[in-house]
Structure formats: C-alpha cells, structure tokens
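K.L.:
Build me a model from this:
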Amino acid sequence: MTRVTRHVFAPAETVFEALVDPYTYPEWLVGAKEIRSVDDGWPAVGTKFHHRVGVGGPLTVADNTQVLEVDRPRLLVLEVRARPLGRARAEFHLTPVERDDGRPATRIVLDEVPIGAIAPLAPVLDPLTRARNGASLNALVAYLNH
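P.N.:
Have a look, this model is predicted:
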C-alpha cells in the first residue's frame, strides 16, 4: 500500500466537499482529464462518476470511479479504474488538526493499493503511485488554498 500525507489550512468538511465533487478532479488529480458524467445519488456507496484519464489527446482512457465507502467528513474510499491499465482502491482519510492559532486545518492521508490483475505489481508500482499521489495532494492543497 502506498501512503501519502499532506496538511491543509481548511476544515475537514471543506476538504471532503472537494473530494466528493468529481468536477474538481481535473483541477488537482494528476491524470484526470475530463468528467463525463456523475451518477444520481453520488457519493452514495455504489455510485460512480465517469471520466477520462491519461496524458491527453488520443492518449486517454474512458472509465469510471465507484464509491466503496463513505463516512462524511472523515473517509472516502473509491475504486478507481483506468482499464486496461488497471484498478486501484484509494482511501482518503481526513483528520481535523488542532492549531495554536485556532485556524482550522486538516490532515489528509491517501492510501492506495492496486487491485485485480495488477495487484502483484504493487512493489514496482508503489514509487510511481507515491509520486503521482504526492503531486496530486500538493495540487489539492493548492486548489483548496486558492
């Protein structure tokens, strides 16, 4: 499992709202190019959003991301798909942080593990996943701070 942690000067509720708004993903998630549609009832367990991921132009893949678990505003667990490249389980854990100055802050932990046929490749994929997720969380923090 690959784990990346960041802190942001925003309440957990604000961070959670960005995570459950699929239309924010192209703003901060490395590789997210377009949100094609969102199921009614999102982010209920079992609902999906449909996206395009990749490096752009013809080098994108249309697939979807499904909610596996949600505990507002602390946890969002997703099954991310970019087939035929693979599938992954991504868990966003949000924890409010006490600050001396009283301003709200949140610790964001993103745990990701490949699932399905690519699971045995985890040791090879982990450094790439860690770099991508680190860049994504950096961009999420910047997005939330703008």
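
K.L.:
residue ranges with poor pLDDT in the chain?
P.N.:
The model of the chain has pLDDT under 70 over residues 56-57.

K.L.:
ranges for the helices of it?
P.N.:
12-19, 25-28, 122-145 (DSSP state H).

K.L.:
So which of those is nearest Val109?
P.N.:
helix 122-145 (9.2 Å; Cβ to Cβ). Yep, even glycine has a C-beta here, placed from its N, CA and C like the rest.

K.L.:
Redo the helices of the chain as CSV? Include mean neighbour count.
P.N.:
Shown next, in CSV, are those (neighbours: other Cβ atoms under 10 Å):
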stretch, mean neighbour count
helix 12-19, 19
helix 25-28, 17
helix 122-145, 16
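
K.L.:
Go through those and name the closest to Arg6.
P.N.:
Using Cβ to Cβ, the helices of the chain put helix 122-145 closest to Arg6, at 4.2 Å.

K.L.:
What would the closest one look like as CSV? C-alpha coordinates only.
P.N.:
Presented in CSV, the C-alpha positions along helix 122-145 are these (Å, rounded to 0.1, in the frame of the first residue of the first chain):
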residue,chain,number,x,y,z
ALA,A,122,2.5,-3.3,-6.3
PRO,A,123,6.2,-3.3,-5.4
VAL,A,124,7.0,-1.9,-8.9
LEU,A,125,4.1,0.5,-9.0
ASP,A,126,4.5,1.9,-5.5
PRO,A,127,7.2,4.5,-6.2
LEU,A,128,5.2,5.8,-9.2
THR,A,129,2.0,5.8,-7.3
ARG,A,130,3.6,7.7,-4.4
ALA,A,131,5.0,10.3,-6.7
ARG,A,132,1.7,10.8,-8.5
ASN,A,133,-0.4,10.9,-5.3
GLY,A,134,2.1,13.3,-3.7
ALA,A,135,1.8,15.6,-6.7
SER,A,136,-2.0,15.2,-6.6
LEU,A,137,-2.3,16.1,-2.9
ASN,A,138,0.1,19.1,-3.4
ALA,A,139,-2.3,20.3,-6.1
LEU,A,140,-5.4,19.6,-3.9
VAL,A,141,-3.9,21.7,-1.1
ALA,A,142,-3.1,24.5,-3.6
TYR,A,143,-6.7,24.2,-5.1
LEU,A,144,-8.2,24.5,-1.6
ASN,A,145,-6.0,27.4,-0.7
